Structures are given as structure tokens and as C-alpha cells.
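Q: predicted model follows, preceded by the sequence.
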Amino acid sequence: MTRDYNAETVDNDRQYAYGFDFDVMHPFMVRSFAPFLRPGAMLELGSYKGDFTRRLLAEFDDVTCVEASDQAMAEAQGRLGAQAAHFINARFEDVTLPRRYDNIVMTHVLEHLDDPVGVLRRVNEEWLAPGGRFFLACPNANAPSRQIAVKMGLIDHNAAVTPAEAEHGHRCTYALDTLERDAVAAGLKVVHRSGIFFKALANFQWDRLLKTDIISPAYLEGCFALGQQYPDLCSSIYLVCESSRQG
């Protein structure tokens, strides 16, 4: 089936891209990844419109981004500057990259892929440098906000793909066990697994709360800390992986 990656990035009704993701989750993702990052080059698989790329550029001088939507990529280049990162407009299934990378990140992208294990296998076998690290983050099927939605009758089960998610290209919703299953099937070695941010409210509810004085920075820090204690109840789950390749 042919996919229109540009159409999947359009969000006229704000049912997919939320300030909560950009303003709260992205900084906590960087903090979660930081202890495991390697010196050297960074590859971002799925840069969207450059919001997370901007945070990577604060940590790395050498950043390459692969993005399937030419419109999203153009917006990212316009916001970040053409020379800030090296952008490649291609599908992961087709792209040819010139080298291996010390760090690779894929945040909230794997659930969009038609062949997730096949792409993860390319990460393992072709793109990750020896001694490098792969950071794989996805929305969590078992987040309390989703479990509450099931009890409310809004979705059928924790791992259901909502209509808004389907419109934006989601193919599945991962939990920690299924995420690790696909990483291991691709030959990756999981060296760390955890969650980011304990989350009982939906994104649209968080967006509204963040505009008030009800949520303090200390409360956000508390949710971040609690998420490390209860990864299966987090907004996002993540793995840190190394390649099974030798040399």
C-alpha cells in the first residue's frame, strides 16, 4: 500500500501533536537517554518537524536526520537552519546511509512502520557503529490514561490504535514486552529498559493544565521520578540497545 507521508504529518485538529510532548516529554527523554549516550555522531530516524532534533543539536555537533515526509523535513530545515543538521528525505526501508553512527534515536516512530522488525534489523546490521547505542522510545499501551480510556469505553483495549493515531500513520501500540520482542527479533541487545513520566491524564488534558498554575515544575519532576519506579505506567517506554554485530 502506498502511503502519503505528508498527509500523515498534517494535524489540523490538534488531535495528535500536543504541547505536552514537545514541552514536557522531549526534555525528559533527553534526560533519560543522557547517561547512555556515546561521544560521536548522532542519527535521528524520523525527525518530523525538527522539535526533538533541536534538542539533539544542543548535545551533538554531528547530527543526521532521515525523514520520509519532504514537507516536514523542509519545515525542520527552515526552523533549524539548513546547515544545523544533515537531512535526508527517504523511507527507512530504502535509504542508503554513508556510514555508521555512534548514537541512533527513534522516538515515537516505530509504531508508524509497516515492517518495524525489518527497520530495526537495518539499525542493528547496517547503521549502528560498534560500541554505539540505539535509543528506541514509543508511546506506552499500558499508560494509565489509555487504561482509563478502556474503562470509559473509548477504546477496546490498551493496545488499540485510535482513529486519530491511525490517521497519522500508527500501525500498532507497543508495551514494554512487545517493544523488546521486536528489538530482540531484529538482533539488537537490550542493555536498559524503562519508562518516561508517570501519566494518568490524556495529552489534551495535560495541554490544558499546563496553561494554568495547577501543575508546578516540582509536580512534573515527581511524575518523571515516579515513572522510573513504575515504567509500565509511563507515557512513553524506551529501550537502550547495542548492536549484536561484532566489529
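A: Everything's here; your move.
Q: mean confidence score for stretch 83-91?
A: For stretch 83-91, the per-residue pLDDT values average out at 92.
Q: what does it contact?
A: If you take Cβ atoms under 8 Å, 6 or more residues apart in numbering as the criterion, stretch 83-91 is touched by 5, 44, 47, 53, 56-57, 63-70, 73, 76-77, 95, 97. Where C-beta positions appear, they are placed from N, C-alpha and C, glycine not excepted.
Q: and it, end to end?
A: Separation of the first and last residues of stretch 83-91 by Cα to Cα, to the nearest Å is 22 Å.
Q: show me what counts as buried in the helix or strand containing M73.
A: Applying DSSP states H and E as the criterion places M73 in helix 70-80. Neighbour-count burial for helix 70-80 flags 72-73, 75-77, 80 (criterion: 16 or more other Cβ atoms under 10 Å).
Q: what do you get for stretch 95-112?
A: Along stretch 95-112, these residues count as buried under the neighbour rule (16+ other Cβ under 10 Å): 95, 100-112.
Q: same question for stretch 127-139.
A: Along stretch 127-139, the positions that meet the burial threshold by neighbour count (16+ other Cβ under 10 Å) are 127-129, 132-139.
Q: quick one: it to chain centroid distance?
A: Relative to its parent chain, stretch 127-139 has a centroid offset of 12 Å by Cα atoms, centre = their mean, to the nearest Å.
Q: now swap in stretch 93-110 and tell me
A: Taking mean C-alpha positions (Cα atoms, centre = their mean), stretch 93-110 and its chain are 12 Å apart.
Q: now stretch 167-179
A: 11 Å.
Q: report the contact partners of F92.
A: Applying Cβ under 8 Å, 6+ apart to F92 gives the contacts 45-46, 66, 68, 113, 119, 122.
Q: so which of those is the closest to K211?
A: Using Cβ to Cβ, G46 is the member of these that lies nearest K211, at 28.1 Å.
Q: pretty sure that closest one is touching I104, no?
A: No - if you go by Cβ atoms under 8 Å, G46 and I104 don't touch, sitting 10.9 Å apart.
Q: CA atoms only for the longest strand anywhere in the chain, dumped as CSV, please.
A: As assigned by DSSP state E, the longest strand anywhere in the chain is strand 128-139. Taking Å, rounded to 0.1, in the frame of the first residue of the first chain, the C-alpha atoms of strand 128-139 are listed here in CSV:
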residue,chain,number,x,y,z
LEU,A,128,24.9,1.3,14.4
ALA,A,129,28.6,1.6,15.0
PRO,A,130,30.5,-0.9,17.1
GLY,A,131,30.1,0.2,20.7
GLY,A,132,27.2,2.5,19.7
ARG,A,133,23.9,2.9,21.3
PHE,A,134,20.3,2.8,19.9
PHE,A,135,17.6,4.7,21.8
LEU,A,136,14.1,3.5,21.0
ALA,A,137,11.1,5.2,22.5
CYS,A,138,7.4,4.6,21.9
PRO,A,139,4.0,5.6,23.4
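Q: could you list every helix and strand in contact with it?
A: strand 101-107, helix 176-185, strand 234-242 (3 or more Cβ pairs under 8 Å, 6 or more residues apart in numbering; DSSP states H and E).
Q: residues in contact with whatever helix or strand comes next after the first one?
A: The element immediately downstream of strand 101-107 (helix or strand, assigned by DSSP H and E) is helix 116-122. If you take Cβ under 8 Å, 6+ apart as the criterion, helix 116-122 is touched by 45, 92-93, 110, 113, 136, 171-172, 182-183, 185-188.
Q: looking at these, which two lie furthest apart in space?
A: Taking Cβ to Cβ, the two most distant members of those are R171 and G187; they sit 21.1 Å apart.
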